[in-house]
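Undergrad: Got a sequence here, can you build the structure:
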Amino acid sequence: MELRDALYEAGDDGVATITLNRPEQRNALGPRMLADLTAALQQAKGDDAVRAVVLTGAGDKAFCAGADLAGFAAEATEVQRHLERGAFVELFLACEHLGKPLVGCINGHALAGGFGLALCCDLLVCSETATFGTPEIRVGLWPMMIMSIVNRNLGRKRAMELFMTGARIDAATALQWGFVNRVVSLAEVRENAHAWAREVAAWSPLIMHLGRDAFYATDSLDYEVALRYLQGQLTVISMTDDFREGVTAFLEKRAPTFRGR
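TA: Numbers count the residues shown, from 1 in each chain. From the prediction side, this is the model:
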């Protein structure tokens, strides 16, 4: 499909950039945007030349202001609206199942569904002007679609504070709370995110895939079950050519050459 509300660009450095492209609507998530973002993530997943992805928003005001309430059909029945909301689920799952590092470049406000989308990223770099929050309670809603994502990334009390008050927090607070990795100036945020993406793209794509999948898979597992699962995954990793190459390169005191096998 032709992308319109999201832009996709794959560089020759192994990094693809996906850009939410509705700056005049603060990159709000409407039906077309959701479909385009999901398609772009699937394109990156299927391209072996892409080893990391940067996700950002067009403009310098907002990464994503959340759902575009006006973009969903006003005449739709509640059942139709319920089905339309499944597009959020598909997008969030596409982020998790990407199989490659996803670096969020948060260039402005990340609110409601936009906050959830930001938290779907593995690593987050944000500008000093970025803000985060779940303002749904202020319009008689609750952030149902992103609640599990927020709970994964914040402690229960911090999450409930956002849900119950609808307050925004700034970049410095986000860094203090631990769900943002880096805070840089607005002028530096895009290059910083891309530099980090290039850095993680240099490692074995196979090991990155297996390790990232295991990280998320253990979220829903009982402790002992998780330990047994991770034991098996370590055995799988130890059977790869990239593991053997990494150990050999370490012993020979040279840089490894990973081939994704």
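
Undergrad: Tell me which stretches of the stretch 1-150 of the chain form helices.
TA: Listed in chain order, the helices of the stretch 1-150 of the chain (DSSP state H, counting those that start in this stretch) span 31-46, 78-84, 86-96, 113-119, 147-153.

Undergrad: So which of these is the most surrounded?
TA: helix 113-119 (a mean of 27; mean count of other C-beta atoms under 10 Å). Backbone N, C-alpha and C define where each C-beta goes, glycine included.

Undergrad: Quick check: which of the helices of the stretch 1-150 of the chain is nearest to Arg244?
TA: helix 31-46 (26.0 Å; C-beta to C-beta).

Undergrad: For the stretch 151-261 of the chain, which residues score under the pLDDT cut-off?
TA: For the stretch 151-261 of the chain, no stretch is flagged by pLDDT under 70.

Undergrad: Going by residue numbers, what spans are helices in it?
TA: All helices of the stretch 151-261 of the chain, identified by DSSP H, counting those that start in this stretch, fall at 156-165, 171-177, 189-201, 205-217, 223-238, 241-251.

Undergrad: hey, which of the ones you listed is tucked in deepest?
TA: Of all those, helix 189-201 carries the top mean neighbour count, a mean of 19, counting by mean count of other C-beta under 10 Å.

Undergrad: if we look at it, which residues are touching it?
TA: 13-15, 17, 51-54, 56, 101, 103-107, 123, 125-127, 182, 184, 208 (C-beta atoms under 8 Å, 6 or more residues apart in numbering).

Undergrad: For it, output the C-alpha coordinates as CSV.
TA: Coordinates of each C-alpha in helix 189-201 appear next as CSV, following Å, rounded to 0.1, in the frame of the first residue of the first chain:
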residue,chain,number,x,y,z
VAL,A,189,17.3,14.8,19.1
ARG,A,190,17.1,13.3,15.6
GLU,A,191,20.8,12.8,15.1
ASN,A,192,21.1,11.4,18.6
ALA,A,193,18.4,8.9,18.0
HIS,A,194,19.9,7.9,14.6
ALA,A,195,23.4,7.6,16.1
TRP,A,196,22.0,5.2,18.8
ALA,A,197,20.2,3.2,16.1
ARG,A,198,23.3,2.9,14.1
GLU,A,199,25.2,1.7,17.2
VAL,A,200,22.8,-1.1,18.0
ALA,A,201,22.4,-2.0,14.3
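
Undergrad: From the chain's centroid, how far away is it?
TA: From the chain centre to the centre of helix 189-201 is a distance of 14 Å (C-alpha atoms, centre = their mean, to the nearest Å).

Undergrad: ok, Ser220 to Ala226 distance?
TA: Distance from Ser220 to Ala226, counting by C-beta to C-beta, to the nearest Å: 9 Å.

Undergrad: I'd like to know which of the helices of the stretch 151-261 of the chain lies nearest to Glu96.
TA: helix 205-217 (5.5 Å).
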